[in-house]
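> just coords:
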């Protein structure tokens, strides 16, 4: 009847040996094949995406252009109501952007200036830690990604994000007021979201996969070059690293330890 | 049995009511619809995989596509014949199969399923 104790232990021992040798065996028999099939993100492999925004060169008009480009690219509706607002790229004044660094004697120019904000794609993202379904997670290239298929709309991530970069769809975005969104959905090649999911900036994951720059960077470049610098932090010769070496930059709420990857030249 | 007659009559009426939809529809099975191909799809001759596989398992392929695209960032699919496709329901599948109502919906309606792809993914504009 079946196997006896001795036979079972023999089989178990041999299987354990084979199991340990599995990857080595494949490497020996078909070198490189295993690595090739595991190759997940060819265009962004080994990268660490980050962005530097030069606020000295940025004006209100340019911010509007960037927001417009982003929101029309990603079918973000204008709901005409700040409570329900869906934000991927948005503006906020100095005091709310860098709350720890405000004092009474800042010049009016900076004090009343708007800053352009987006998801910080933190190296240590609290939103991903709290997501119960892994609908939001950090990719290997640093992009904090959203999987709308998995989001259950619990909004833990919104509570966890200290930057207000996430928005909830309280209603169906396709039912957004027609007079504010005459052309909605503006981009027929990109999905909309549905009622009950959280959304945010994805660093234009679909564009960087094709080797393009994020939509906001492209829109800004059409007006003025070098206001946005998007690039790879892992490469010491990249544009972002060069700018970070040359200029003094600040990040939002660094004291919280989330390690934002959006840098501002103020 | 007390009131046997009433019970039996009640049972007959009850069973009759229960079976009435089956009796009513007997011999009138709806014909399974045939998905219609657009001119563009006909011209391409083959889809990203064999027709038989696509007929039986397109939902598995689409599920794998969405997971690998969104979660692993693998956006290109190499078909068996070596052709490379951009993995996208909205821009690749529906580019050929732009007749969603005749290609997708009529079969889905026939088998009584309602995939929730279209709450987010944009349906092609059709001349119905």
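Cool, got the structure. Just so it is clear, the model here is predicted, and its values are computed rather than measured. Residues are numbered from 1 along each chain as shown, chains lettered A, B, ... in the order given.
> Can you get me a residue count around residue B:67?
14 (other C-beta atoms under 10 Å in any protein chain shown). For glycine as for every other residue, the C-beta is placed from the backbone atoms N, C-alpha and C.
> which residues are contacting the host helix or strand of it?
Element membership for residue B:67 (DSSP states H and E) is helix B:51-72. Outside of helix B:51-72, the residues within contact range by C-beta atoms under 8 Å, 6 or more residues apart in numbering or on different chains are A:40-41, A:137, A:145, A:147, A:149, B:47-49, B:74-75, B:77, B:87-89, B:93, B:115.
> Check stretch A:255-266 too.
A:48-56, A:97-98, A:100, A:110, A:115, A:118, A:120-126, A:142, A:162-163, A:233, A:240, A:243-244, A:247-254.
> How about that stretch, which residues are buried there?
Using 16 or more other C-beta atoms under 10 Å in any protein chain shown as the test for burial, stretch A:255-266 gives A:258, A:260-266.
> So among these, where is pLDDT lowest?
Scanning those for pLDDT, the low point is residue A:266. It has 90.
> Chain B versus that one, what's the distance?
Distance of residue A:266 to chain B, computed by C-beta to the nearest C-beta, to the nearest Å: 33 Å.
> again with residue A:117
Distance from residue A:117 to chain B, by C-beta to the nearest C-beta: 24 Å.
> who's that residue bridged to?
With DSSP bridges as the criterion, residue A:117 is bridged to residue A:90.
> where along chain B do the strands fall?
Using DSSP state E, the strands found in chain B span residues B:76-78, B:84-86.
> if I pick the residue most central in space within chain B, what's in contact with it?
Taking C-alpha atoms, centre = their mean, the centroid of chain B lies closest to residue B:108, which sits 3.1 Å from it. Residues in contact with residue B:108 (C-beta under 8 Å, 6+ apart) are B:114-115.
> can you rerun that using 6 Å?
Shown in contact with residue B:108 (C-beta atoms under 6 Å, 6 or more residues apart in numbering or on different chains): no residues.
> got it, and residue A:168?
Applying C-beta under 6 Å, 6+ apart, the residues near residue A:168 are A:155, A:198.
> how about 10 Å then?
Applying C-beta atoms under 10 Å, 6 or more residues apart in numbering or on different chains to residue A:168 gives the contacts A:84-86, A:151, A:153-155, A:157-158, A:193, A:195-199.
> What's opposite it in the beta bridge?
Where residue A:168 sits in a bridge, its partners, by DSSP bridges, are residue A:198.
> Could you verify my assumption that residue A:230 touches residue A:142?
No: between residue A:230 and residue A:142 there is no contact under C-beta atoms under 10 Å: 11.9 Å.
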